[in-house]
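>>> Attaching a predicted model along with its sequence, questions to come.
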Amino acid sequence: MKTPVILLVDDEQNIITSLAGSLEDEGYTLLSASDGAQAMRIIKSQPVDIVFLDIWLPGMDGMETLKAVKDFNSAIEVVMMTGHGTVNTAV
Amino acid sequence: MEAKAPDLPKQEKQRRRRERAAIVLIILLVVSLTSLLLYVTGSRGEALVPQNLTVFLLINVNAILLLLLIYLVVRNVVKLVFERRRGILGSKLRAKLVIAFVGLSLVPTLLLFWVSIGFITNTIENWFSFKVETTLEEAFSVTEAYYNNASSNALYYAKQLSRHITDNKLLSQMNLDILRDFINEKQSEYNLGVVEVYSSQKEELVRAMNPQVPDSNFISAESSLVQQALDGREIIRIQPAGESDIIRGVVPVYSSWSRKDVVGVMVVNYYVPRSLVSKMDSIARAFQDYKKLKLYKNPIKYLYVILLSVVTLLIIFSATWFGFHLSKVIAVPISSLASATEQIAQGNLDVQIEPAADDEIGVLVDSFNKMTCDLRVSHEQVEQTTRHLRDMVTELDHRRIYMETLLENVAAVVVSIDRDGVITNFNISAQAMFGLALDEALRHPYAEVFASDELRPLKLLIDEMTRFNLGAVERQVTLTFAQRTAYVYVRSNMLFDDDGTYMGIVLVGEDLTQIQQAQRAYAWREVARRIAHEIKNPLTPIKLNAQRVLKKFAPQISREQGVFADCLGTIVAQVDDLKKLVNEFSSFAKMPATQPRANDIHEIIEETLTLYREARKDISFVFEPGRSVGRLSLDRAQIKRVLINLLDNAVGSLENDGRIVLRTGYNSRLKMVTVEVADNGCGVPPELKPKIFDPYFSTKKDSTGLGLAIVSTIIADHGGYIRVRDNHPRGTCFVIELPVNQPVSIGKVSSA
């Protein structure tokens, strides 16, 4: 069975590295992007199952990227990530 | 009555003129009638009887006219008396003038009147005195006696002669010559006038005449007389003969035989010459006249008295009336002058008097009018100037009040000091800033007022300016009071007037405390934002990696597995703590903009208190709501945050027997809602009070020191203020003031 492909989008390389390590341990295929535009290019060029998306991104921010991803393919699951622990932004 | 002469109605004026004309006419009439009366009685005094009617008519008419005059004069007098009593202006003067005139005319007139009356009475009494009467009476009886004597003589001689003729029978024809001789003889013997003898046939037998008797004047005895004598009667008859009188004695001559037969008539005539007759006539007439006059003695006397009275009254009343007239002429202008003066005294300067005659009074009136006019003009000028001045003063006053109000209410601190170093201005902001009452500062030397340690920087500043003659100084001054620290930016200027004379110093200070606080808050936010950013980012990888290590290598480390897990667990826990701290930091730094809606502050308070009441049953929470102010424009979540922070703070400070009181109130003057949160905890030391709203300032070990900073920020975002003061008897009280009708500032976004 093909392992699900996860795309990590965050401008912090530290977080990508840490998350990638943890998720690879679990057996997922991991891709990464540092901003929304790069994330969209990846999503359009290859199949992606899940997107881990930071809300705070330089340039195109998390919410816009989320909208773009869902417009492109609503089947892709997006998990929003944020350093702000508030429910308001999470929803 | 004449006080308002110019205002008299036309009718009244006409009436007055008519009255005056009537008086003049009556006086003229009385004068003419009296003179006529005098003329009548004077010219025909001796024949009064026929003129009686005319005289009394004249007197009556005179009297009526006089009565009329009296009526008019009395009417005027009564009028004057009433005017005097009513106190009409000018009536006193008029009364005096009239009294003077009446007095002047009354005294001599009455004197003359009494003298004349006495004189007339005397004269009349003399005329009809007893002596004159007896003299006249005696003269008259003498005349009568003479006539009687003559008559009796004539009769007597006639009888003698008749008897002689009878005795001697001389009447016979033959004795006729003897008779003639005898008669002639007797005639000359007795000096008789004319002796006549008549026969029984009434023939004149003899006539003997005295040569003194004028022949032409003599008239023989009438036949009737002779006939009567023939009938046997003796007669005496006085007959006028020309201008003389003849006194006849006629007796019968009896027959010598029969003494009863009459045979002839003897006539003896006495001749009374003309002069005697006329004299006797005049005496008799005088006597008659006298007797007649005597009857009119009293009427004449009264007539004269009446005449005199009329003249006297005429004089008196003329004088009175003239007095009235003159007094009017004098008093009218004077009284109008007086009333005009009175009106001017009362402030009416529009008074003008009708110009009087060309005399001195007229000059007086003209001068008065001119003076009044001048007075009015100058009064108007003065009034105009006064008005102008008043306007100016009012404007100056307005300006002064405006300036004062401005100075008083301006937010800046304004203090002015005069050249002697005395404070002349100390506005409300200055009083609040320097903690001094107005009367502690105003009119005191600045050296005394600013002598305290707290205010010394101000004194030093002013001293420096005056010593080195610095025109202007700008400086930030920090004043440290027991309760607070004030940062004041002071601009100090020396004042000079137009001539360059030193006038004093004016200090304008700006309170920088709030700005300083804001700047500090801003700086802290910036720091918080950076720290949050820099710290938060590594935290997630640290935690993730720690968890990965634990998960991946825990099964491989069989020995010391507990230590391994504990260490990584501590790392994860500490990272979580750090994350919490960073989150609080960023919630302060990245505080979202306020989103005010209409909210009831009481509801929010109740809601918040419910949580605490449930959680901390050992503490008594009391809410004392003030009068409802309706809905305020508030961000519910933020205000709740404020309350929670303050309540947390209060709960943290409590010891035993904790009690927290929330109060609300409304200040209608400032249009502010106040919320007080008071506890009876440990309180805040005075020196810490200025700092408690600073971020990261905390007296508690486990506090971030951001709670009150967040409170302060939220309240400031709502346009309100927060202060801290001591609670009585102990503890702390936070006072929040929120504006009622003020739009909440929306644009203030956190600078994250």
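Yes, it's here.

>>> Just the residues contacting stretch B:131-150, thanks.
If you take C-beta atoms under 8 Å, 6 or more residues apart in numbering or on different chains as the criterion, stretch B:131-150 is touched by B:238, B:247, B:270, B:272, B:280, B:283-284, B:286-287, B:290, B:294. Heads up, the C-betas are built off the backbone N, CA and C, glycines and all.

>>> Ramachandran coordinates for B:Glu624?
B:Glu624 adopts backbone torsions of phi -110, psi 90, taken as degrees, to the nearest 10.

>>> mind checking how far it is from B:Arg456?
43 Å (C-beta to C-beta, to the nearest Å).

>>> Which residue of the two possesses the greater neighbour count?
The neighbour comparison of B:Glu624 against B:Arg456 (other C-beta atoms under 10 Å in any protein chain shown) goes to B:Arg456, with 14 against 11.

>>> To what extent is the closest residue to the more buried one other than its chain neighbours buried, counted in neighbours?
Among residues not flanking B:Arg456 along the chain, B:Phe450 sits closest, at 6.7 Å (C-beta to C-beta, 6 or more residues apart in numbering or on different chains). For B:Phe450, the count of nearby residues is 24 (other C-beta under 10 Å).

>>> in what helix or strand does B:Glu189 lie?
Using DSSP states H and E, B:Glu189 falls within helix B:176-190.

>>> Any buried residues in that helix, and which?
By neighbour count with 16 or more other C-beta atoms under 10 Å in any protein chain shown, helix B:176-190 contains the buried residues B:179-180, B:182-183, B:186-187, B:190.

>>> same deal with stretch B:341-348?
B:Ile344.

>>> can you check stretch B:671-688 too?
Going by neighbour count (16+ other C-beta under 10 Å), the buried part of stretch B:671-688 is B:672-681, B:683-684.

>>> The spatially closest residue to A:Lys70 that is not a sequence neighbour and B:Leu396, how far apart?
Spatially, and ignoring its direct neighbours in sequence, A:Lys70 is nearest to A:Val78 (7.1 Å; C-beta to C-beta, 6+ apart). Distance, A:Val78 to B:Leu396, using C-beta to C-beta: 77 Å.

>>> Between those two, point out the one with more neighbours.
Each of A:Val78 and B:Leu396 has its neighbours counted (other C-beta under 10 Å); A:Val78 has more, 18 against 10.

>>> quick one: pLDDT of the more buried one?
If you check A:Val78, the pLDDT there is 88.

>>> shaky segments in chain A?
Flagging of chain A using pLDDT under 70 yields the residue ranges A:1, A:83-91.

>>> Which strand residues bridge the nearest residue to B:Asn727 once chain neighbours are set aside?
Spatially, and ignoring its direct neighbours in sequence, B:Asn727 is nearest to B:Cys733 (4.1 Å; C-beta to C-beta, 6+ apart). Beta-bridge partners for B:Cys733, by DSSP bridges, are B:Ala678, B:Arg725.

>>> could you dump the contacts of stretch B:131-150 to a markdown table with distance to chain A and neighbour count?
Formatted as a markdown table, those follow (distance: C-beta to the nearest C-beta, whole Å; neighbours: other C-beta atoms under 10 Å in any protein chain shown):
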| residue | distance to chain A | neighbour count |
| --- | --- | --- |
| B:Ile238 | 184 | 14 |
| B:Ile247 | 188 | 24 |
| B:Tyr270 | 191 | 22 |
| B:Val272 | 186 | 19 |
| B:Met280 | 178 | 19 |
| B:Ile283 | 174 | 16 |
| B:Ala284 | 173 | 15 |
| B:Ala286 | 168 | 14 |
| B:Phe287 | 169 | 18 |
| B:Tyr290 | 164 | 16 |
| B:Lys294 | 159 | 13 |
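
>>> among the residues you listed, which are in strands?
Counting by DSSP state E, the part of these found in strands is B:238, B:247, B:270, B:272.

>>> before we move on, the earlier item: now distance to B:Phe119 and pLDDT too, for the contacts of stretch B:131-150, in a markdown table please.
Formatted as a markdown table, those follow (distance: C-beta to C-beta, whole Å; pLDDT from 0 to 100):
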| residue | distance to B:Phe119 | pLDDT |
| --- | --- | --- |
| B:Ile238 | 45 | 83 |
| B:Ile247 | 47 | 86 |
| B:Tyr270 | 49 | 84 |
| B:Val272 | 43 | 80 |
| B:Met280 | 35 | 74 |
| B:Ile283 | 30 | 77 |
| B:Ala284 | 32 | 75 |
| B:Ala286 | 25 | 78 |
| B:Phe287 | 27 | 76 |
| B:Tyr290 | 22 | 78 |
| B:Lys294 | 20 | 76 |
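
>>> who does the helix holding B:Glu189 touch, helix- and strand-wise?
Packing partners of helix B:176-190 (3 or more C-beta pairs under 8 Å, 6 or more residues apart in numbering or on different chains; DSSP states H and E): helix B:130-167, strand B:194-199, strand B:204-209.
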